[in-house]
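**Student:** model this:
(chains A and B)
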Amino acid sequence: MINSNDTICALSTPPGVGGIAVIRISGNDAFSIAQKVFSRPFSQTESHRTLYGWILEEQEKIDEVLLTPFKSPGSFTGEDTVEIACHGSAFIQQRLLEILVAKGCRIATPGEYTLRAFLNGKMDLSQAEAVGDLIASESAAAHRQALHQMRGGFSKEINVLRNKLIHFASLIELELDFAEEDVEFANRSQLRLLVEEIEQVVNHLRDSFHLGNAIRNGVPVAITGAPNMGKSTLLNALLNDERAIVSDIAGTTRDSIEDYITIEGVRFRFIDTAGIRDTEDTIEKMGIERSFAKAREADIVLLLFDAVETSRDELLDTIARLKKETINDQKLILIANKMDKGAFNMDDFQERVKDTGEVIAISAKEKTDLDKLKSRLIQSVHHRRINSGETIVTNARHHAALCLAGRSLHEILNGMDAGVTGDFLAVDIRKTLYHLSEITGQINADDLLNSIFSKFCIGK
Amino acid sequence: MKLNYDIVVVGAGHAGNEAAAAAANLKKKVLLITMDMAKIGQMSCNPAMGGVAKGQIIREIDAIGGYSGIVSDRSAIQFRMLNISKGPAMWSPRTQNDRMRFAEEWRGMLEQTHGVDFWQDMVKGIIVEKGRIAGVITSMGIEIRCEAVVLTNGTFLNGIIHIGEKQFGGGRLGEPRAEGITEQLISLGFRSGRMKTGTPPRIDGRSLDYSEMTEQPGDIIPGKFSYTDTQPLQKQRSCWITYTNEAVHTMLQEGFEKSPMFTGRIQGLGPRYCPSIEDKVTRFADKDRHQLFVEPEGWNTIEIYVNGFSTSLPEDVQQKALRLIPGFRHAKMFRPGYAIEYDYFPPDQLKHTLESKEIANLFLAGQINGTTGYEEAACQGLIAGMNAALNLDEKAPFVLSRSEAYIGVLIDDLITKGTEEPYRMFTSRAEYRTLLRQDNADERLTHRSHTIGLASDERLQRVIEKQTGKEDILRYLEKNSVSPDEINPFLEQSGSSPIQQKVKIHSIAGRPHVDLLGLFHHLPEINEKSGQLGSIREEVLQQVEIQLKYAGYLQKEKELADKLGRLDHVPLPLNFDYGKVTNLSIEARQKLSSIRPESLGQASRISGVNPSDIAVLMVYLGR
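**Tutor:** Numbering: from 1, shown residues only, chains lettered A, B, ... in the order given. Okay, the predicted model is just below:
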């Protein structure tokens, strides 16, 4: 049994060293405990007002901090809450928490702040889960998405579906229970249309999970090409650091290297892959195999080639090879690198890339025209309609429920095709309703809560 | 005069009779008190038992060892399996009954039940000592001591009958009402309310012209309710269908200003799904006709019941309107239809055993719990009677879950949600409808009832034979194959595609258009095997067929039942202090404190208790 009467504290910023760190105290005694360690009286201070002062332990100054009280119910948890912004060293953080515990706080368990917010009616289940996503979100798009969900957008959409289906179900029920009486039967073709419509929305939401995942975890972009085309150099240029191993020896990158870069608020996950070429080297071969695998998983595949040296045949050959690995046109972006070379001849270049589609010419080394590449990346993401208005599923549990709902909807249609009677159609209708309810939390599954709350890290 | 009993049952209708029989069969000394010995087992409304969802309940009562199925079979004049064009979960047995034979059979069965005594009197109060029931007091001033009381007062408590502008006290037309109990229970802390129901006029069958109506005969091969060896009907009587029309509606509307419904003299809420004819005409003004069933009241009587024409309009308006109905031009009334208002006790004051939370060993069953229908009343009486007996023996209660029986759904709904209009059972009230079929009530319930000593050894033996027979045949069909030569002619004849090579029989038997009996005729070995089943052969084959054809659906439903049923196994203490849990919404706190659910599952079904409230409770219970 979780005791929600005591006062909890925890670090609210990520663990480790930073400029500042925020420690949050929540519970009935949050104010009195904070007062015991803070240099200035704040009981008269307005809620949400920040005070400057010192953390004291037996008159000894521990740290110079900013303290903000949040009075119940106007806080995240709905309880009296105090946030202390202190200096970010691990030592100070640790020391402060120790002092607070000595004064009567308990260190929060994972997800406990969210649990309390949920228990105090500050959010529903799907909102609670969105908080987890919000904390983990590292880009503007992910942030937008999590906020949208937290404000109930996703639950609303599901609820609309549920209500439509409940209406559907009631028509069938009417026909079953009052068959002897003079009632009109539920029109099967209308019902079919309704199920198909709901199925479409559910499947759309279900498929958005991949997109949602991409937003949360970064849109995966694989950088491919023959060896020594400057893939690592491009990655470094984009990252502005020396992460990948760069050398003039072809085949240096034997393994895939990943890093993140945020462009215009969209998070991309770049995957550097081993160069694609025919080789007898077993280790390199494995690397190339992995490259194809990465390219397959990626949402965007950059194919780098040498603006001067790559022949038309070589280029077409590589494109064909990628396509053979089921990498379609839509996600392929052709990039001609090394246009800074002295031997670059525009006419010759145009001749070689004729009819291969759009090609972006850059110099990774000189960082020339990287902006063109960046806006092309953004464009291809927008093309897939990642924008703030649309509901995108980011949560694995929701995705699972949508998959099951989609399956049940499909079963309804199958049943109708097979001419199954209403009582059995109703089984699948009810099952669909159940799965939709799982998302909005209108169902009571004890393991559900456990899994949700254990996913949150300490301090919210 | 001093009387001493284990259990006193007040009222001898469907609920009281089942309660008395069940308690006596559980070895209790039972006194059944009725205001009129001649009215035991009276069908107050239509002369029929069963129907959609209700027929399933009668099968369940029978499977547990109640009497309603047997009484209905013995007094039936027509049998129909309703909804036969739908799936097996919807098949619903219904009988038309001889009203007088029905009452006679009930009285006969009770008289032959060891341990049931009778007393004709009106109970005007109960005796409560230290929060427990101690007896009843009758209008003759007789004090009867007992350990438990089952109240089944039906529509008699402060009943008021309305016909047009006339109104008078009564429990049924021509019978006095009962007084005293409501007032006493209120003083003991009970809440009470008013409900309304109605009944149509009775007609002289000699005055009707059936040539203007459509005949509705019984089934060609009539079935029956009871799993015991009651005999199916050899001959049957038909019902007739006719319709109202615009002229009838206009005539009815002329009487509206004198209707107790529309003038506000009736305050009680009536059932939406069993509306009076004046209600239908008003609420469904766009319908130019309403269906009526013309039902004979028995084998030999000329009395006719006009099902669908329940009304409380003035008798002259009833008469005039009736005569505008096809076939009714010369109709003579025996007595008019009427509405009756009566007291009920919101059933959220009861436990799953139907024992009141307020007073130990006081049980309430039937219409006083806000239900409507013979079947609903009878099953409550059965459960109340059983649990009264089990309570006295200090044994575990007999409670059925929502996935076990319609009876479980009914009682859980009543005590969890209460009811403001007369509660009637529908199949849609059951989450796991395809599991709660009329064909498998015995498999679902007889074992459990036998364990506590109610269902007889013979009943159990029959269920075991049926189950074994089913499993044997299923195993045979799964193990043995059939060749194209053997079976293709039959398949073609059934409109099913022929097979190309040898296949296991069950893959053919599960096909939609394949009739199992027909299939077996082409397979001598299994035909002989199933022949050995004797009298239960048909039932077993039906089980096999359902199992083969709907296995996927049944499996799905079972999984959902298991998943959702888990919360029903998380008990909530009856004295749990919800006021202390400040995280619950205020509405949830109030509802939970008043209903005091017995499990988390029950709590989750209370209206106004949201999933987040359940989540809060789960957290508090440490789950």
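**Student:** could you use CA atoms for every contact and neighbour count after this?
**Tutor:** Fine.
**Student:** for stretch A:67-86, buried residues please.
**Tutor:** For stretch A:67-86, the neighbour count (16 or more other C-alpha atoms under 10 Å in any protein chain shown) marks A:67-72, A:75-86 as buried.
**Student:** residues near B:Ile415, how many?
**Tutor:** 24 (other C-alpha atoms under 10 Å in any protein chain shown).
**Student:** which residues touch it?
**Tutor:** Residues in contact with B:Ile415 (C-alpha atoms under 8 Å, 6 or more residues apart in numbering or on different chains) are B:Pro347, B:Asp348, B:Gln349, B:Leu350, B:Lys351, B:His352, B:Ile595.
**Student:** now A:Thr45, what's its secondary structure?
**Tutor:** Using DSSP: H, G, I helix; E, B strand; the rest coil, the structure places A:Thr45 in coil.
**Student:** which ones are touching it?
**Tutor:** A:Pro69.
**Student:** again, 7 Å this time
**Tutor:** A:Thr45 sits next to no residue when contact means C-alpha atoms under 7 Å, 6 or more residues apart in numbering or on different chains.
**Student:** ditto for the one 5 residues further on
**Tutor:** With contacts defined as C-alpha under 7 Å, 6+ apart, the neighbours of A:Thr50 are A:Leu66, A:Leu67, A:Thr68.
**Student:** list phi and psi for A:Leu97.
**Tutor:** phi -60, psi -40 (degrees, to the nearest 10).
**Student:** what domains does the record give for chain B?
**Tutor:** According to automatic domain parsing, chain B comprises the domains B:2-43+B:104-200+B:342-434, B:203-336, B:457-559, B:570-620.
**Student:** work out the gap between the second one and the centre of the chain.
**Tutor:** This points to domain B:203-336. 21 Å (C-alpha atoms, centre = their mean, to the nearest Å).
**Student:** can you give me the end-to-end span of it?
**Tutor:** 9 Å (C-alpha to C-alpha, to the nearest Å).
**Student:** average pLDDT for it, rounded please.
**Tutor:** Mean pLDDT, computed over domain B:203-336, is 91.
**Student:** state the distance from the residue nearest the centre of chain B to B:Gln42.
**Tutor:** The residue lying closest to the centre of chain B (C-alpha atoms, centre = their mean) is B:Glu375, at 2.6 Å. For B:Glu375, the distance to B:Gln42 equals 13 Å [C-alpha to C-alpha].
**Student:** again, but for B:Ser594
**Tutor:** Counting by C-alpha to C-alpha, the gap from B:Ser594 to B:Gln42 is 36 Å.
**Student:** neighbour count winner among the two?
**Tutor:** Higher neighbour count among B:Ser594 and B:Gln42: B:Gln42, with 20 against 12, using other C-alpha under 10 Å.
**Student:** mind listing what that one touches?
**Tutor:** B:Gly13, B:Ala103.
**Student:** pretty sure it is in a helix, no?
**Tutor:** No: counting by three-state DSSP, B:Gln42 is not part of a helix but coil.
**Student:** next, work out how far apart it and chain A are.
**Tutor:** 25 Å (C-alpha to the nearest C-alpha, to the nearest Å).
**Student:** any low-confidence regions in the stretch 201-350 of chain A?
**Tutor:** For the stretch 201-350 of chain A, the stretches with pLDDT under 70 are A:210-217, A:240-258, A:264-266, A:326-327, A:329-330.
**Student:** hmm, back to that, which one of the contacts of B:Ile415 has the most neighbours?
**Tutor:** That'd be B:Pro347 among those, by other C-alpha under 10 Å, with 28 neighbours.
**Student:** just checking, it touches B:Asp412?
**Tutor:** No: between B:Pro347 and B:Asp412 there is no contact under C-alpha atoms under 7 Å: 9.9 Å.
**Student:** what about the strands in chain A?
**Tutor:** For chain A, the strands defined by DSSP state E occupy A:8-11, A:20-26, A:51-57, A:60-70, A:81-87, A:106-107, A:219-225, A:257-263, A:266-272, A:300-306, A:332-337, A:359-361.
**Student:** same deal with the stretch 451-600 of chain B?
**Tutor:** For the stretch 451-600 of chain B, applying DSSP state E, counting those that start in this stretch gives strands covering B:481-482, B:503-504.
**Student:** what's the most buried one of the ones you listed?
**Tutor:** Mean neighbours per residue, mean count of other C-alpha atoms under 10 Å in any protein chain shown, is largest over those for strand B:481-482, with a mean of 16.
**Student:** list the pairing partners of it within its sheet, with orientation.
**Tutor:** Strand pairing for strand B:481-482, using DSSP bridges, gives strand B:503-504 (antiparallel).
**Student:** chain center to the partner strand: distance?
**Tutor:** Using C-alpha atoms, centre = their mean, the offset of strand B:503-504 from its chain centre is 43 Å.
**Student:** what residues does it touch?
**Tutor:** B:Leu477, B:Glu478, B:Lys479, B:Asn480, B:Ser481, B:Val482, B:Ser483.
**Student:** could you dump these into TSV with pLDDT added?
**Tutor:** Shown next, in TSV, are the contacts of strand B:503-504 (pLDDT from 0 to 100):
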residue	pLDDT
B:Leu477	91
B:Glu478	90
B:Lys479	92
B:Asn480	90
B:Ser481	90
B:Val482	89
B:Ser483	89
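**Student:** buried ones from those, can you make that a PyMOL selection?
**Tutor:** Filtering those down to the buried ones (16+ other C-alpha under 10 Å) takes a single PyMOL command:
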select buried, chain B and resi 477+482
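**Student:** on that earlier part again, out of the contacts of B:Ile415, which sit inside helices?
**Tutor:** B:Ile595 (DSSP state H).
**Student:** show me which pair in the contacts of B:Ile415 is furthest apart.
**Tutor:** B:His352 and B:Ile595 (11.6 Å; C-alpha to C-alpha).
**Student:** hmm, back to that, closest one of the contacts of A:Thr50 to chain B?
**Tutor:** When those are ranked by distance to chain B (C-alpha to the nearest C-alpha), A:Thr68 comes first, at 25.0 Å.
**Student:** which residue ranges form the helices in the stretch 351-460 of chain A?
**Tutor:** Applying DSSP state H, counting those that start in this stretch to the stretch 351-460 of chain A gives helices spanning A:370-383, A:396-417, A:422-440, A:446-454.
**Student:** okay, the strands of chain A in TSV with distance to chain B next?
**Tutor:** Shown next, in TSV, are the strands of chain A (distance: least, C-alpha to the nearest C-alpha, whole Å):
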stretch	distance to chain B
strand A:8-11	17
strand A:20-26	15
strand A:51-57	31
strand A:60-70	19
strand A:81-87	17
strand A:106-107	18
strand A:219-225	35
strand A:257-263	37
strand A:266-272	34
strand A:300-306	41
strand A:332-337	44
strand A:359-361	53
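**Student:** of the contacts of strand B:503-504, which belong to helices?
**Tutor:** Reading helices off the contacts of strand B:503-504 with DSSP H, I get B:Leu477, B:Glu478, B:Lys479.
**Student:** give me the number of neighbouring residues for the closest residue to B:Lys417 other than its chain neighbours.
**Tutor:** With C-alpha to C-alpha, 6 or more residues apart in numbering or on different chains as the criterion, B:Lys417 has its nearest non-adjacent residue at 5.7 Å, and that residue is B:Ile606. As a burial measure, B:Ile606 scores 19 neighbours (other C-alpha under 10 Å).
**Student:** pretty sure B:Ile606 contacts B:Thr416?
**Tutor:** Yes: applying C-alpha under 7 Å as the test, B:Ile606 and B:Thr416 come out as touching, 5.7 Å apart.
**Student:** which of the helices of the stretch 351-460 of chain A sits closest to B:Lys196?
**Tutor:** helix A:422-440 (31.7 Å).
**Student:** list of residues touching that closest one?
**Tutor:** A:125-126, A:155, A:158, A:162, A:169, A:172, A:176, A:398, A:401, A:404-405, A:408-409, A:411-412, A:415, A:443, B:86-87, B:89-90, B:553, B:557.
**Student:** next one: that helix to chain centre, how far?
**Tutor:** So, by C-alpha atoms, centre = their mean, the centroid of helix A:422-440 is 28 Å from its chain's centroid.
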